[in-house]
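Chemist: here are the coordinates; sequence isn't available:
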Ligand SMILES: Nc1ncnc2c1ncn2[C@@H]1O[C@H](COP(=O)(O)OP(=O)(O)OP(=O)(O)O)[C@@H](O)[C@H]1O
């Protein structure tokens, strides 16, 4: 049989091909559609399941809520997860407020041309400009040109910057500093007394601390030596006494002054030395000149306690005391502190840090505790109520001591003004120990007969030896130390104040608080063992805004032969680092076992990086913190030493 050939035309073949391809595509589409439907069904199913689960959960919850619990069966409580809500308070804002800028340049920002934006007219974005104008639309006058009621938050900041005042703690409701005596809120009698004392303008610490005292806030006040801290605590204290005398008389209606006297003083000031107590007594009497009948008594060691007890029983409003003698009087019941609500610790770091603690606690325990402020710092103080107010003042306050001191205070405001040693030029003269006396005599000769100097030594014996040597050499001098009788001490200070003597040889008993005007030089014949002592010693000059004419001299006996190498470079000028170096070198020499070589002290050129490196190593070796080296300049060094608690012990 012959095979049959079927011929298929090209057209036919193409038609078949297309048909198969269409079939194929259709089947694919169908599969995809089927799969899609399947997925949708599955999703619908899942959604349905979720809704059902939710309904069941809600039904269960409402059943649990409304049905009494079945005995013996533990009830399962379903707590829906809490929605996270961000607390608005406490959220830190990194935004700038325009008033934060206290520089006088702030107006220039407004004037800056805007060359970007929507180009509303000639490249200037008008709406944006209007918005900015509104933002910067605050009164740019200096605070001194404004009335007090016109002062805004920004003015307050500039004011504090101008006086170098800073606050720490105390919450947000601290009263703002006063700008003048007239704004202080002190009674007219006190203002008259201030005028009479010749204090025409308040000093920065007075500006900051007096309003806080009047607000009954606890205060830790740190301001440089001779800056008027005494008046800063006496004035609010006297104001408080005037107010509480009236208050107590009105409320208790005491019949006579005798009964009132039995209640004890309204205020107690504790100080570390007798001379300081007497000095504060004088200042209090001076400032209470126009307040009728304010009685001030100082009770210190070295005088008859019976006599002091008698004076207290005669009635007193203010007691100024050394803690030891005050405790003795309390134990003997010469004094009660039933209505004492105002406590001041002057030279607070010395008082809390150096062994007076048990006595201070004893005194505080003898005071009424009912008037203590609420512990909750956000709780507002009742203006009509009398609270216990505690004031602490000093020129130095190492952080560790501040921490210790805080337990006597409730929510204190820490006020810091400036830095120590601002007004005092400091010099260091290096020499062998055998040359010290000769060099001291040379310095005293340079002073001339009329200039006054305090020569500090570290021990009573050294004070006596040095005094004998200087006396022999014919200097007009007096000696002052703890082994002298009270009478001798008083005579010494009185004679020095009256300029019968122009040299006072003293130990650290005279290092703190003693206010003798016109002391031109403080000479550290022996360098002190702590930076705080150094600060207080040099603070006997440059008081009440006066600059220490030639300031403080530290005579450091260093055997030059044993000095080995530091420095020398061209990078920094002598003038810039003079004070930095003048303070640091003696301490380095005294307290490090490393030695230094100073190529030349006159016209010294210091390569500061080298010094810093050296000090870092030294500080590490001595276990001290090294951030003290972050800044230079004598003030910074002193302060940073405080800050880093690296007081050299
Ligand atoms: N507002 C004032 N204007 C002018 N002088 C003042 C003012 N307030 C106080 N003084 C005077 O300044 C001197 C130093 O004051 P004060 O003894 O109170 O200083 P201080 O800060 O307590 O010093 P230190 O830290 O050494 O104890 C005193 O003679 C005092 O009379």
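Modeler: Perfect, I can see it now. Small disclaimer: the values here were computed from a predicted structure and weren't measured.
Chemist: From here on, just use CA atoms for contacts and neighbour counts.
Modeler: Noted.
Chemist: mean confidence for stretch 532-545?
Modeler: Regarding stretch 532-545, the rounded mean pLDDT is 74.
Chemist: Same question for it: list its buried residues.
Modeler: Buried residues in stretch 532-545, counted by 16 or more other Cα atoms under 10 Å: 532-543.
Chemist: Give me every residue in this structure lying close to the ligand.
Modeler: 199-203, 224-231, 394-395, 512-515, 539, 543-544 (Cα under 6 Å from any ligand atom).
Chemist: Strands of the stretch 351-500 of the chain, start to end?
Modeler: With DSSP state E, counting those that start in this stretch as the criterion, the stretch 351-500 of the chain has strands at 389-394, 413-417, 424-431, 452-456, 477-480.
Chemist: thinking again about what came up before, in strands, which of the buried residues of stretch 532-545 appear?
Modeler: The members of the buried residues of stretch 532-545 all map outside strands under DSSP state E.
Chemist: Make a markdown table out of these and add distance to residue 170.
Modeler: Below are the buried residues of stretch 532-545 laid out as a markdown table (distance: Cα to Cα, whole Å):
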| residue | distance to residue 170 |
| --- | --- |
| 532 | 26 |
| 533 | 29 |
| 534 | 30 |
| 535 | 27 |
| 536 | 27 |
| 537 | 31 |
| 538 | 31 |
| 539 | 29 |
| 540 | 31 |
| 541 | 33 |
| 542 | 31 |
| 543 | 29 |
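Chemist: which SS class is residue 41?
Modeler: helix (DSSP: H, G, I helix; E, B strand; the rest coil).
Chemist: if I look at it, how far off is residue 55?
Modeler: Residue 41 sits 21 Å away from residue 55, going by Cα to Cα, to the nearest Å.
Chemist: Could you do residue 526 as well?
Modeler: 88 Å.
Chemist: So these two - more neighbours on which side?
Modeler: A direct count of neighbours by other Cα atoms under 10 Å for residue 526 and residue 55 places residue 526 higher, at 18 against 12.
Chemist: these two touch, right, that one and residue 458?
Modeler: Yes. The criterion here is Cα atoms under 8 Å, and residue 526 meets it with residue 458 at 5.9 Å.
Chemist: Could you count how many residues lie near residue 409?
Modeler: 19.
Chemist: from memory it sits against residue 218, does it?
Modeler: Yes. With contact defined as Cα under 8 Å, residue 409 and residue 218 form a contacting pair (6.1 Å).
Chemist: which neighbours do those two share?
Modeler: Between them, residue 409 and residue 218 share these contacting residues under Cα atoms under 8 Å, 6 or more residues apart in numbering: residue 390.
Chemist: so residue 35 sits in a strand?
Modeler: No. With three-state DSSP as the criterion, residue 35 is assigned helix and is not in a strand.
Chemist: The closest residue to the ligand within the stretch 1-150 of the chain and residue 383: what is the separation?
Modeler: Nearest to the ligand, among the residues of the stretch 1-150 of the chain, is residue 144, at 18.1 Å (Cα to the nearest ligand atom). For residue 144, the distance to residue 383 equals 29 Å [Cα to Cα].
Chemist: quick one: contacts for the residue of the stretch 251-400 of the chain found nearest the ligand?
Modeler: Nearest residue of the stretch 251-400 of the chain to the ligand (Cα to the nearest ligand atom) works out as residue 395 at 5.1 Å. Residue 395 makes contact with 222-225, 347, 420, 535-536, according to Cα under 8 Å, 6+ apart.
Chemist: Report the buried members of the residues of the chain next to the ligand.
Modeler: Among these, the ones that count as buried by 16+ other Cα under 10 Å are 202-203, 224-231, 394-395, 512-515, 539, 543.
Chemist: Among those, which ones are in strands?
Modeler: Using DSSP E, those in strands are residue 394.
Chemist: How about the closest residue to the ligand within the stretch 401-550 of the chain: what's its closest non-neighbour residue?
Modeler: Residue nearest to the ligand within the stretch 401-550 of the chain (Cα to the nearest ligand atom): residue 513, separated by 3.2 Å. The shortest distance from residue 513 to any non-neighbouring residue, by Cα to Cα, 6 or more residues apart in numbering, is to residue 276 (6.2 Å).
Chemist: Repeat that for residue 186.
Modeler: Sequence neighbours aside, residue 239 is the residue nearest to residue 186 in space, at 6.3 Å (criterion: Cα to Cα, 6+ apart).
Chemist: separation between that neighbour and the ligand?
Modeler: Note on residue 239: its distance to the ligand, by Cα to the nearest ligand atom, to the nearest Å, is 16 Å.
Chemist: can you tell me the helix or strand for that residue?
Modeler: Under DSSP states H and E, the secondary-structure element containing residue 239 is helix 229-252.
Chemist: by contact count, what packs against that helix?
Modeler: helix 204-214, helix 274-287, strand 389-394 (3 or more Cα pairs under 8 Å, 6 or more residues apart in numbering; DSSP states H and E).
Chemist: could you dump these to JSON lines with mean pLDDT and distance to residue 28?
Modeler: Supplementary listing: the helices and strands packed on helix 229-252 in JSON lines, determined by pLDDT from 0 to 100; distance: least, Cα to Cα, whole Å:
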{"stretch": "helix 204-214", "mean pLDDT": "91", "distance to residue 28": "88"}
{"stretch": "helix 274-287", "mean pLDDT": "92", "distance to residue 28": "105"}
{"stretch": "strand 389-394", "mean pLDDT": "90", "distance to residue 28": "91"}
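Chemist: Kindly reformat those as TSV containing distance to residue 191.
Modeler: Below are those laid out as TSV (distance: least, Cα to Cα, whole Å):
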stretch	distance to residue 191
helix 204-214	13
helix 274-287	9
strand 389-394	21
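Chemist: got a list of what the closest residue to residue 187 other than its chain neighbours touches?
Modeler: Nearest residue to residue 187, sequence neighbours excluded (Cα to Cα, 6+ apart): residue 239, at 6.6 Å. With Cα under 8 Å, 6+ apart as the criterion, the residues that contact residue 239 are 186-187, 190, 214.
Chemist: mind checking pLDDT for residue 99?
Modeler: At residue 99, pLDDT is 64.
Chemist: no no, residue 563
Modeler: pLDDT, residue 563: 28.
Chemist: likewise residue 454?
Modeler: 90.
Chemist: who's it bridged to?
Modeler: Beta-bridge partners for residue 454, by DSSP bridges, are residue 504, residue 522.
Chemist: residues touching it, list them.
Modeler: Each residue near residue 454 by Cα under 8 Å, 6+ apart is listed here: 503-506, 519, 521-523.
Chemist: Pull up the gap between it and residue 519, please.
Modeler: Separation of residue 454 from residue 519 (Cα to Cα) stands at 7 Å.
Chemist: With residue 497 instead?
Modeler: From residue 497 across to residue 519, the span is 9 Å (Cα to Cα).
Chemist: Neighbour count: these two, which is higher?
Modeler: Neighbour count, other Cα under 10 Å: between residue 497 and residue 519, residue 519 has more, with 24 against 17.
Chemist: Next, the contact list for that one, please.
Modeler: Counting by Cα under 8 Å, 6+ apart, residue 519 has contacts 451-454, 540-542, 548.
Chemist: Grab the nearest non-local neighbour of residue 495.
Modeler: Among residues not flanking residue 495 along the chain, residue 501 sits closest, at 6.1 Å (Cα to Cα, 6+ apart).
Chemist: Regarding that neighbour, what is its secondary structure?
Modeler: Quick answer, by three-state DSSP: residue 501 is coil.
Chemist: Which pLDDT value belongs to it?
Modeler: The pLDDT attached to residue 501 in the predicted structure is 90.
Chemist: which secondary structure elements does the helix or strand hosting residue 324 contact?
Modeler: Taking DSSP H and E as the definition, residue 324 sits inside helix 323-331. The contact analysis (3+ Cα pairs under 8 Å, 6+ apart) places helix 323-331 against helix 357-365.
Chemist: Counting by contacts, list what the helix it packs on packs against.
Modeler: Checking 3+ Cα pairs under 8 Å, 6+ apart, helix 357-365 ends up next to helix 323-331.
Chemist: Go again with 10 Å.
Modeler: In terms of contacts (3 or more Cα pairs under 10 Å, 6 or more residues apart in numbering; DSSP states H and E), helix 357-365 is packed against strand 267-270, helix 323-331, strand 342-346, helix 348-353.
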